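[1] Give the three-dimensional model of this entry:
(one chain, ligands or ions: 3)
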Amino acid sequence: MEHIKQYIEENKDRFLAELMDMLRIPSVSADSKYKEDVQRNAEFVKNSLIAAGADKVEVCPTPGHPIVYGEKMIDPVLPTVVVYGHYDVQPADPLELWDSPPFEPVIKDGLIVARGSCDDKGQMFMHVKAFELMMKTNSLPCNVKFMIEGEEEVGSSNLGTWIRDNKDRLKGDIILISDTSIIANDIPSIDVGLRGLSYVEVEVTGPNRDLHSGVYGGAVANPITILCEMIAKMKDENNHITIPGFYDDVIALTDAEREDLNRAPFSLDNYKKDLNVEDVHGEKGYTTLERTGIRPTFELNGIWGGYIGEGAKTVLPSKAYAKISMRLVPNQTTDKITEIFTKHFESIAPKSVKVKVTPHHGGEPVVTPTDSIAFKAASMAMETTFGKKPIPTRGGGSIPIVALFEKELGLKSVLMGFGLDSDLIHSPNEHYGIFNFLKGIETIPLFYKNFTEMSK
Ligand code: BES
Ligand code: MN
Ligand code: MN
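    Ligands and ions are numbered 1, 2, ... in the order given. Here you go, the predicted structure:
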């Protein structure tokens, strides 16, 4: 215990400086313009793993962005913790809404401000530094393997194949991930579920070309109007999704489970104040925690068409588009939801337009056990460092690869995240608390210790 605190105290400025160096690399996986930067970030992770004392460190190429692998095997009879994280980040735009440039990290009021500071470079780097700490203080109690990818933010499409091809190398006992949030800095929590995702893009085509809205308007279908009408039909007056069969596979929680979930500290007033909204909006009959944790959703992520430049242009556009994400809960599956959405969307389209649905990435929902050694090891570790037992919570976001770890490797995950929902991940001014960064580095070695001891 003391050696942990002491090592952190002596090295924290360097830890932060190194993290800031990594945050200067614009590793945006979605934009091919940054391909070399993503590669450079993979090399950075590789070098930091080597410096920390890992063996067999390798930047593994994929048809997309590389995966960084590294390990420290101290004894095959001891348990093996497989750490997963991602070094890629979301695009930084809209740039004008950042108070400081997204890839020029600054520390302000105890927060590290930069794209990726929380999601997930800051959280992933805690694991590298915690590993370094255990190596340098001779306290690594078990084996460890690192698998740090560069395509999480674009759906991890190559990681699935890579884990299938590397099953032997990835043999282990538990996957440990820090890529989620706690309730507050004085209210630790551990996510025990993540939602799945179906992401689709739709295209509605009216006339074969853009038309004069005076000459043709009123007589020909306007694809923007039709798209809006079709989308409006996707939910009823209770904000219940109307796609036939959408809820068929949803496992309803018992009343007791729902009560449990709603016992987590949550202030609707603060939530509304923080977002500057008069009221929340969602499916009737469910609380905000339930709406974001255990219920599936249908959300528009973008909609466009027609003229959006300066001034006015009287045009009846040929096409309109939307990007739609549906968050899924156990036992829904991404393929089925995408399929029934597509059928439904096509079936409600009037004859005056043609529609096309293009599926993007998806991922299956997961729930992780709370009665496992690994969960208890994480819970006890956080209880030690926060002074409070963490509350099990359901995360609304998705980490699509977690379901595949279980399916392909037979490994469960522990989602021991240290971010806050207010860290503005994916948004301008993303930040990560220095408190959270250091708390993570302090807690992780205790997980290893507890997990190893409890595995005996
Ligand atoms: N780290 C997030 C997921 C997350 C954040 C889970 C907060 C729980 C709490 C992850 O990097 C992410 O953003 N995932 C994407 C999915 C991906 C396929 C683009 C998401 O949830 O939108
Ligand atoms: Mn993430
Ligand atoms: Mn993310």
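
[2] quick one: contacts for Met416?
    Leu176, Ile177, Ser178, Ile190, Ala378, Ala381, Met382, Thr443, Ile444, Phe447 (Cβ atoms under 8 Å, 6 or more residues apart in numbering). C-betas here are computed from N, CA, C, even on glycine.

[3] Among the residues you listed, which ones lie close to ligand 1?
    Among these, no residue is within reach of ligand 1 (Cβ under 6 Å from any ligand atom).

[4] now, which of the residues you listed lie within strands?
    Leu176, Ile177, Ile190 (DSSP state E).

[5] is ligand 1 contacted by stretch 330-341?
    No - judged by Cβ under 6 Å from any ligand atom, stretch 330-341 and ligand 1 are separated, with a smallest distance of 10.4 Å.

[6] next one: that stretch to chain centre, how far?
    Here stretch 330-341 is found 19 Å from its chain centre; the criterion is Cα atoms, centre = their mean, to the nearest Å.

[7] Which positions within that stretch qualify as buried?
    For stretch 330-341, the neighbour count (16 or more other Cβ atoms under 10 Å) marks Pro330, Gln332, Thr333, Thr334, Lys336, Ile337, Thr338, Ile340, Phe341 as buried.

[8] Once you drop chain neighbours, what's closest to Ile425?
    Distance criterion Cβ to Cβ, 6 or more residues apart in numbering; nearest residue to Ile425, sequence neighbours excluded, is Asp119 at 3.8 Å.

[9] Pop the domain breakdown of the chain in here.
    2-194+365-454, 196-250+296-363 (automatic domain parsing).

[10] Now the longest one: average pLDDT?
    The predicted model assigns domain 2-194+365-454 a mean pLDDT of 97.

[11] Run the contact check for it versus ligand 2.
    Yes - Domain 2-194+365-454 lies within reach of ligand 2 by Cβ under 5 Å from the ion, at Asp119, Asp120, Asp179.

[12] among the buried residues of stretch 330-341, which are in helices?
    Applying DSSP state H to the buried residues of stretch 330-341, the entries found in helices are Thr334, Lys336, Ile337, Thr338, Ile340, Phe341.

[13] Help me confirm that the third one comes into contact with Asp248.
    Going back to what we said before, that points to Ile337. No - Ile337 sits out of contact with Asp248 when judged by Cβ atoms under 8 Å, with a separation of 10.0 Å.

[14] what about the strands in the stretch 351-456 of the chain?
    Along the stretch 351-456 of the chain, counting by DSSP state E, counting those that start in this stretch, strands occupy 354-363, 366-367, 391-395, 413-415, 419-420, 431-433.

[15] To Asn166, which of those strands lies closest?
    strand 413-415 (17.1 Å; Cβ to Cβ).

[16] Just the C-alpha atoms of stretch 261-279, please, in CSV.
    Written as CSV, here are the backbone C-alpha positions of stretch 261-279 (Å, rounded to 0.1, in the frame of the first residue of the first chain):
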residue,chain,number,x,y,z
LEU,A,261,-30.7,0.4,-9.9
ASN,A,262,-32.7,3.5,-8.8
ARG,A,263,-31.1,3.5,-5.4
ALA,A,264,-27.9,4.8,-7.0
PRO,A,265,-27.4,8.5,-6.0
PHE,A,266,-28.8,10.7,-8.8
SER,A,267,-30.3,14.2,-8.7
LEU,A,268,-32.7,14.9,-11.5
ASP,A,269,-32.5,18.6,-10.6
ASN,A,270,-28.7,18.7,-11.0
TYR,A,271,-29.0,16.7,-14.2
LYS,A,272,-31.4,19.2,-15.7
LYS,A,273,-29.4,22.2,-14.5
ASP,A,274,-26.2,20.7,-15.9
LEU,A,275,-27.8,20.3,-19.3
ASN,A,276,-29.7,23.6,-19.1
VAL,A,277,-33.1,21.9,-19.9
GLU,A,278,-36.4,22.5,-18.3
ASP,A,279,-37.3,18.9,-18.4
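
[17] quick one: that stretch to chain centroid distance?
    Distance, centroid of stretch 261-279 to centroid of chain: 21 Å (Cα atoms, centre = their mean).

[18] and what of stretch 47-65?
    Centroid displacement of stretch 47-65 relative to its chain, using Cα atoms, centre = their mean, is 22 Å.

[19] okay, stretch 218-230 in PDB with CA atoms only?
    This file holds the C-alpha atoms of stretch 218-230, laid out as PDB (Å, rounded to 0.1, in the frame of the first residue of the first chain):
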ATOM      1  CA  GLY A 218     -46.400  21.000 -53.800                       C
ATOM      2  CA  ALA A 219     -46.600  18.300 -56.500                       C
ATOM      3  CA  VAL A 220     -43.500  16.200 -55.900                       C
ATOM      4  CA  ALA A 221     -42.400  14.400 -52.700                       C
ATOM      5  CA  ASN A 222     -39.800  16.400 -50.800                       C
ATOM      6  CA  PRO A 223     -37.400  13.800 -49.400                       C
ATOM      7  CA  ILE A 224     -36.600  16.000 -46.400                       C
ATOM      8  CA  THR A 225     -40.200  16.200 -45.400                       C
ATOM      9  CA  ILE A 226     -40.800  12.500 -46.000                       C
ATOM     10  CA  LEU A 227     -37.700  11.600 -44.000                       C
ATOM     11  CA  CYS A 228     -38.900  13.700 -41.100                       C
ATOM     12  CA  GLU A 229     -42.400  12.100 -41.200                       C
ATOM     13  CA  MET A 230     -41.000   8.600 -41.300                       C
END
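
[20] Report the buried residues of it.
    Buried, per 16+ other Cβ under 10 Å, within stretch 218-230: Val220, Ala221, Asn222, Pro223, Ile224, Ile226, Leu227, Cys228, Met230.

[21] cool, stretch 34-44 as well?
    Tyr34, Asp37, Val38, Gln39, Asn41, Ala42, Phe44.

[22] List just the nearest of those to Leu19.
    Once Cβ to Cβ is applied, the member of the buried residues of stretch 34-44 that ends up nearest Leu19 is Phe44, at 10.6 Å.

[23] I figured that closest one hits Met20, correct?
    No - applying Cβ under 8 Å, one finds Phe44 not in contact with Met20, separated by 11.8 Å.

[24] To Lys273, which of the domains of the chain lies closest?
    Among the domains of the chain, domain 2-194+365-454 comes nearest to Lys273, with 11.8 Å by Cβ to Cβ.

[25] residue in the stretch 301-450 of the chain nearest to ligand 1?
    Nearest residue of the stretch 301-450 of the chain to ligand 1: Gly397, at 2.7 Å (Cβ to the nearest ligand atom).

[26] For that residue, which residues are in contact?
    Applying Cβ under 8 Å, 6+ apart to Gly397 gives the contacts Thr180, Leu194, Arg195.
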